[in-house]
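Student: For reference, the sequence and a predicted model appear below.
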Amino acid sequence: LTQERYPVQRLPFSVVSEEDLAAFEHMVPGRVVTDPEELEVSNVDWLRTARGCSKVLLRPRTSEEVSRILRYCHERNLAVTPQGGNTGLVGGSVPVFDEIILSTALMNQVTSFNSVSGILTCQAGCVLEGLSRYVQEQDFVMPLDLGAKGSCHIGGNVATNAGGLRFLRYGSLRGTVLGLEVVLADGTVLDCLTSLRKDNTGYDLKQLFIGSEGTLGVITAVSILCPPRPKAVNVAFLGCPGFAEVLQTFSTCRGMLGEVLSAFEFMDAECMQLVQQHLHLASPVQESAFYLLVETSGSSTGHDAEKLGCFLEQVLGSGLVTDGTVATDESKAQALWALRERITEALSRDGYVYKYDVSLPVERLYDLVPDLRARLGSQARHVVGYGHLGDGNLHLNVTVDAFSTALLDTLEPYVYAWTAGQRGSISAEHGLGFRKRDALGYSKPPHAVQLMQQLKALLDPKGILNPYKMLPTQA
Ligand code: FAD
Ligand code: MLT
Ligand code: ZN
């Protein structure tokens, strides 16, 4: 399946032998999975559009076990795909051929939490939602949140430099991750697991591994700064008549809500149709061309409610927003968030999904959506736009009955070239993985790509870590 869509040749890695399996059994006793049925879920990605044929999955519990596994694989020239929650959206988390799957599922222990500084240190396989619950009990929050929270691992989040729904408030993991422990391709354990806010001693090596998508090392532990839990959270869900009004509402919102604004997300009318149709969620506002989810988070309920009230009065009064609703209690707020967070799920139920995740100047954020609707006509079921408007990040998705190369050729490189024409990024937050690696050149100049290849060769000279991913196919 994969090979048909993306022509790629297996590199000359060794093939796992009976002796290798015996060696692994010795390293991680009882945690060597070879049952084809059990392997199936780890060989296929979340979107069910990338499939490998790995014959073995390993479940280490400790960094030392990861180190032993990699040292052995390095010596034997066996390729390895690191895997967290397998929720990645670019085909990076599953093998392409028979790479060994190295799962962090059993590396799920919290090492420490400092309730004064909010610094959490944990193993890479901790599930994001579990960590969220853990720190919330101590009046903190995780600095990131995303629709896949119930399955994704913190190591996977760091490996993809996931953005998500709290980016507007807390920024990138490049700022909130304070330290990492990483096992390199040859088994060396690199201890950069500091818990310091400030540390300008030489190159900041952990940054290399944030967003490296399993190609430079296996992240085994993470130290991350958690902000205090906001006491007052309000969520407004609004309807807007056009994209010009969406932009003006955003400007007004930034001006009037200032420091309490914590999310500004948008979705178009087709997204709303899809969540209604496939997930049976009801729209809380009148039918509109666009919908906005505005969240405020602060420390004073009265102060935030008053600010939000003034903002709503302004945007409703001026006609920028035609209808709206506000939730202050947690379950109602969650119901509003579900309309936005579950678009991904609704799309995957609609058919085959061509997924794009681009950064663009905010004033041109939606232009590509009507452009593609006109270009594709009846070839597409739906062409939708949604995303993190406050971060200049559009999710452009096209659903169809079934995959076709002809449609792929209509979409690519058109979408990438259009984005590059705006000096945008062809991957804002999902990464390149397997699916987008050959598009890297649309967002990075040749010298930058070359330097990336040199770094890869330095850290992983045999190329055993997540081969065929992130970096373009070399001639
Ligand atoms: P996986 O999918 O298992 O792996 C992803 C990549 O990281 C692979 O290349 C893998 O090899 C590598 N990797 C995993 N663990 C390690 C490790 N320990 N060391 C080294 N490499 C590793 N992304 C966003 O940015 N923002 C969103 O809002 C967002 N929402 C999502 C919503 C849904 C419903 C879904 C399904 C996905 C969403 N994503 C989003 C995609 C996002 O990248 C992943 O959800 C998440 O960050 C990946 O974590 P994971 O543990 O599932 O990693
Ligand atoms: C989102 O913002 O919902 C995620 O990035 C997932 C997606 O793009 O579908
Ligand atoms: Zn997103």
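Tutor: Nice, I can see it. Ligands and ions are numbered 1, 2, ... in the order given.
Student: Around ligand 1, pick out the residues from the chain.
Tutor: 46, 81-89, 92-93, 104, 124, 146-148, 152-153, 155-157, 159-160, 162-165, 213-214, 218-219, 344, 429-430, 433, 466, 469 (CB under 6 Å from any ligand atom). For glycine as for every other residue, the C-beta is placed from the backbone atoms N, C-alpha and C.
Student: Return the subset of the residues you listed lying in strands.
Tutor: 81, 82, 83, 218, 219 (DSSP state E).
Student: ok, back up a step: overlap between the residues of the chain next to ligand 1 and the residues near ligand 2?
Tutor: Of the residues in these, proximity to ligand 2 by CB under 6 Å from any ligand atom holds for 147, 344.
Student: From the ones in strands among the residues of the chain next to ligand 1, keep the buried residues only.
Tutor: Using 16 or more other CB atoms under 10 Å as the burial test, these include 81, 82, 83, 218, 219 as buried.
Student: thought residue 279 was touching residue 343?
Tutor: No: applying CB atoms under 8 Å as the test, residue 279 and residue 343 come out as separate, 9.2 Å apart.
Student: Between the two, point out the one with more neighbours.
Tutor: residue 343 (26 against 14; other CB atoms under 10 Å).
Student: can you tell me how far that one sits from residue 274?
Tutor: 7 Å (CB to CB, to the nearest Å).
Student: Any figure for the gap between residue 179 and residue 126?
Tutor: Taken as CB to CB, the span from residue 179 to residue 126 is 15 Å.
Student: In terms of neighbours, single out the busier of the two.
Tutor: residue 126 (24 against 18).
Student: Which parts of the stretch 101-250 of the chain are helices?
Tutor: With helices called from DSSP state H, counting those that start in this stretch, the stretch 101-250 of the chain shows them at 128-136, 154-160, 167-170, 173-176, 206-209, 243-257.
Student: Make JSON lines out of the ones in strands among the residues of the chain next to ligand 1 and add pLDDT and distance to residue 259.
Tutor: Formatted as JSON lines, these follow (pLDDT from 0 to 100; distance: CB to CB, whole Å):
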{"residue": "81", "pLDDT": "99", "distance to residue 259": "42"}
{"residue": "82", "pLDDT": "99", "distance to residue 259": "38"}
{"residue": "83", "pLDDT": "99", "distance to residue 259": "39"}
{"residue": "218", "pLDDT": "99", "distance to residue 259": "38"}
{"residue": "219", "pLDDT": "99", "distance to residue 259": "33"}
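Student: so how many other residues sit close to the residue of the chain found nearest ligand 1?
Tutor: Proximity of the chain to ligand 1 (CB to the nearest ligand atom) peaks at residue 156, 2.0 Å away. Per other CB under 10 Å, the neighbour tally for residue 156 reads 28.
Student: Tell me who's in contact with it.
Tutor: 83, 84, 85, 87, 88, 93, 104, 124, 162 (CB atoms under 8 Å, 6 or more residues apart in numbering).
Student: let's go with 10 Å and repeat that
Tutor: Contacts for residue 156 (CB atoms under 10 Å, 6 or more residues apart in numbering) come out as 82-88, 92-93, 104, 124-125, 127-128, 148, 162, 213-214, 219.
Student: Now do it, the pLDDT please.
Tutor: Reported pLDDT at residue 156 in the predicted model: 99.
Student: how close does it get to residue 54?
Tutor: Taking CB to CB, one finds residue 156 at 17 Å from residue 54.
Student: And residue 114, by the same measure?
Tutor: For residue 114, the distance to residue 54 (CB to CB) stands at 39 Å.
Student: So which of the two has more stuff around it?
Tutor: Of the pair residue 114 and residue 54, residue 54 is the one with more neighbours under other CB under 10 Å, namely 23 against 14.
Student: so that one touches residue 81, yeah?
Tutor: Yes: between residue 54 and residue 81 there is a contact at 7.2 Å, judged by CB atoms under 10 Å.
Student: Need the residues touching each of the two.
Tutor: 42, 43, 94, 95, 96, 97, 99, 100, 101.
Student: so which of those comes closest to ligand 2?
Tutor: When the shared contacts of residue 54 and residue 81 are compared against ligand 2 (criterion: CB to the nearest ligand atom), the nearest one is residue 94, at 17.4 Å.
Student: since we're on the closest one, how many residues are nearby?
Tutor: 26.
Student: show me the contacts for it.
Tutor: By CB under 10 Å, 6+ apart, the contact list for residue 94 reads 2, 41-46, 50-54, 81, 83, 86, 88, 101, 433-434, 469.
Student: Tell me the predicted confidence for it.
Tutor: 98.
Student: and if you look at the one 5 residues further on?
Tutor: For residue 99, the model assigns a pLDDT of 98.
Student: mind pulling up the phi and psi values for it?
Tutor: Dihedral pair for residue 99: phi -60, psi 150, per degrees, to the nearest 10.
Student: That one contacts residue 93, correct?
Tutor: No: Residue 99 lies out of contact with residue 93 (CB under 10 Å); the separation is 11.1 Å.
Student: can you tell me how far the residue of the stretch 251-400 of the chain found nearest ligand 2 sits from residue 353?
Tutor: In the stretch 251-400 of the chain, no residue comes nearer to ligand 2 than residue 344, which is 3.4 Å away by CB to the nearest ligand atom. Separation of residue 344 from residue 353 (CB to CB): 9 Å.
Student: so what sits against both of these two?
Tutor: With CB under 10 Å, 6+ apart, residue 344 and residue 353 have common neighbours 47, 89, 397.
Student: Chain neighbours aside, what residue packs nearest to the second one?
Tutor: In space, and not counting its chain neighbours, residue 89 is closest to residue 430: 4.7 Å by CB to CB, 6 or more residues apart in numbering.
Student: Could you point out the longest helix of the chain?
Tutor: Ranked by residue count and defined by DSSP state H, the top helix of the chain is helix 301-317.
Student: Does anything pack onto that one? Which helices or strands?
Tutor: Contacting helix 301-317 under the criterion 3 or more CB pairs under 10 Å, 6 or more residues apart in numbering; DSSP states H and E are the following elements: strand 232-240, helix 243-257, strand 261-268, strand 290-298, strand 323-327.
Student: Now do it, average pLDDT.
Tutor: In the prediction, helix 301-317 has an average pLDDT of 96.
Student: try stretch 462-475
Tutor: 93.
Student: What helix or strand is residue 357 located in?
Tutor: In this structure, residue 357 is located in strand 352-359 according to DSSP states H and E.
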